[in-house]
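>>> Compute the structure for the input listed below.
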Amino acid sequence: FLFDKFILSLIIFNSLCLASYDYRSESDSGFNWISDNVFDPILTCFFTLEFVLKVIAFGFVLDETSYLRDAWNWLDFIVVVTGILQMTNA
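Numbers count the residues shown, from 1 in each chain. This is a model prediction of the structure:
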């Protein structure tokens, strides 16, 4: 229960950061720099931790109640993978 509320608050915070991001400005100044260099890595780590904990708890794909059998977790998985790819500049 507390874990879900914490993750939901991170999702809301991430959404507010995305809405506040100035896509017409350079990414190395002001809020854009803070968002790219401080918030994004921290949020990606938390979302990756959520992914890892859920995979450990439910399994990845084979069981009926596994992680990728839930449609919402597909979205989480895509967000985590694209976040990691962005951080690694792949």
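>>> Quick check: residue 43 vs residue 50, distance?
According to CB to CB, to the nearest Å, residue 43 stands 10 Å off from residue 50. Placement of C-beta: from N, CA and C, glycine included.
>>> what do you get for residue 68?
With CB to CB as the criterion, residue 68 and residue 50 are 14 Å apart.
>>> Of these two, give the one with the bigger neighbour count.
residue 50 (19 against 16; other CB atoms under 10 Å).
>>> Give me the nearest residue to the more buried one, chain neighbours excluded.
residue 7 (5.5 Å; CB to CB, 6 or more residues apart in numbering).
>>> contacting residues around the helix or strand hosting the one you found?
Using DSSP states H and E, residue 7 sits in helix 2-20. Under the contact criterion CB atoms under 8 Å, 6 or more residues apart in numbering, helix 2-20 has outside partners 31, 35, 39, 43, 46-47, 50.
>>> gap between the residue nearest to residue 50 and residue 38?
19 Å.
>>> So between these two, which is more surrounded?
When residue 7 and residue 38 are compared on other CB under 10 Å, the one with more neighbours turns out to be residue 7, at 16 against 11.
>>> per-residue confidence for that one?
Per-residue pLDDT puts residue 7 at 95.
>>> check contacts around the residue most central in space within the chain.
Among the residues of the chain, the one closest to the centroid is residue 47, at 4.1 Å (CA atoms, centre = their mean). Residue 47 makes contact with 7, 10, 76, 79-80, 83, according to CB under 8 Å, 6+ apart.
>>> One more: residue 29?
No contacts exist for residue 29 under CB under 8 Å, 6+ apart.
>>> Give me the mean pLDDT for stretch 23-42.
The model assigns stretch 23-42 a mean pLDDT of 92.
>>> ends of that stretch, how far apart?
Taking CA to CA, to the nearest Å, stretch 23-42 runs 21 Å from one end to the other.
>>> Quick one: distance of that stretch to the chain centre.
16 Å (CA atoms, centre = their mean, to the nearest Å).
>>> Show me what counts as buried in that stretch.
32, 35, 39-40 (16 or more other CB atoms under 10 Å).
>>> Closest one to residue 22 out of those residues, please.
residue 32 (5.9 Å; CB to CB).
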